[in-house]
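In: Show me how the following folds:
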Amino acid sequence: MLFSALSLQALALFATSVIADATIDDDTPLNITKTVQDPPNIVSYAGKPEYYDERRASRSIVSEAKYAELLNMPPPNVSADQLESLRLHNAARAGRRLKAVIWDPTLESAARDWANYIAGINSLEHSSSAQRPNQGENLAYSKSSAPILNPASIGTQLWLDEVSNYHGEAIPKGNFQAYGHYTQCMWSTTYKIGVATAQAADGSYYTVARYSPPGNIVGKVPYGTPPSAATG
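Out: Residues are numbered from 1 along each chain as shown. Take a look at the predicted model:
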């Protein structure tokens, strides 16, 4: 199994979106309490984040009323691990005064299909932009000598832990692996998410998160005051 420029944080991503100047201290610790602890001897790897050109990003608008309706609907048929991933995303976003992301079954299904594929080939690889139009993507790989009960939330926490590497800079066309998963999680105009995991034959886990509208637009920053209606 090949990994390029791997680090000891289980990750990898893709994304698109828009907008806004950072108005909050980027180095402020998130202090998000984890409800499930990692197993011992866990090993995680990161792939290379990808960026979006703004010209490739599409925009969608949902009314405040529809957004509120969706936000108040409990996610259907999701695991405790998936719920924890959603909670971690939204706890971090709340700390930056960003709107909560909503669980989306269509994004979950797309994430599951890709997780099954990369687990089958046992390789941390991004889907192509054609395979996920107007969707961002974060990937995580985890393996441990002990059972892993929460691969989705482990991956999510690793993405969010990149906050210490992010200092408010705009997304570049070059390497931004140190913080690119975090910025996708925190993109102000992203408002839908779906997360799924799959286990490879060797017992390792692959986690895929899909985001819509996507983030990591070249030349843009993640934070800001979202419009009155959630947009992408």
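
In: ok, which stretches of this protein are helices?
Out: Taking DSSP state H as the criterion, the chain carries its helices at 64-71, 80-95, 105-121, 151-160, 180-185.

In: what's the shortest one packed up against?
Out: It stands for helix 180-185. Counting contacts by 3 or more C-beta pairs under 8 Å, 6 or more residues apart in numbering; DSSP states H and E, helix 180-185 is packed against strand 13-14, helix 80-95, strand 136-143, helix 151-160. Backbone N, C-alpha and C define where each C-beta goes, glycine included.

In: tell me the most buried of the ones you listed?
Out: Mean neighbours per residue, mean count of other C-beta atoms under 10 Å, is largest over the helices and strands packed on helix 180-185 for strand 13-14, with a mean of 30.

In: I'd like the helices of the chain laid out as JSON lines, including mean pLDDT and distance to E137.
Out: As requested, the helices of the chain are exported to JSON lines (pLDDT from 0 to 100; distance: least, C-beta to C-beta, whole Å):
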{"stretch": "helix 64-71", "mean pLDDT": "83", "distance to E137": "21"}
{"stretch": "helix 80-95", "mean pLDDT": "97", "distance to E137": "14"}
{"stretch": "helix 105-121", "mean pLDDT": "98", "distance to E137": "8"}
{"stretch": "helix 151-160", "mean pLDDT": "95", "distance to E137": "11"}
{"stretch": "helix 180-185", "mean pLDDT": "96", "distance to E137": "8"}
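
In: in the protein, which helix or strand is least confident?
Out: strand 13-14 (a mean of 36; mean pLDDT, DSSP states H and E).
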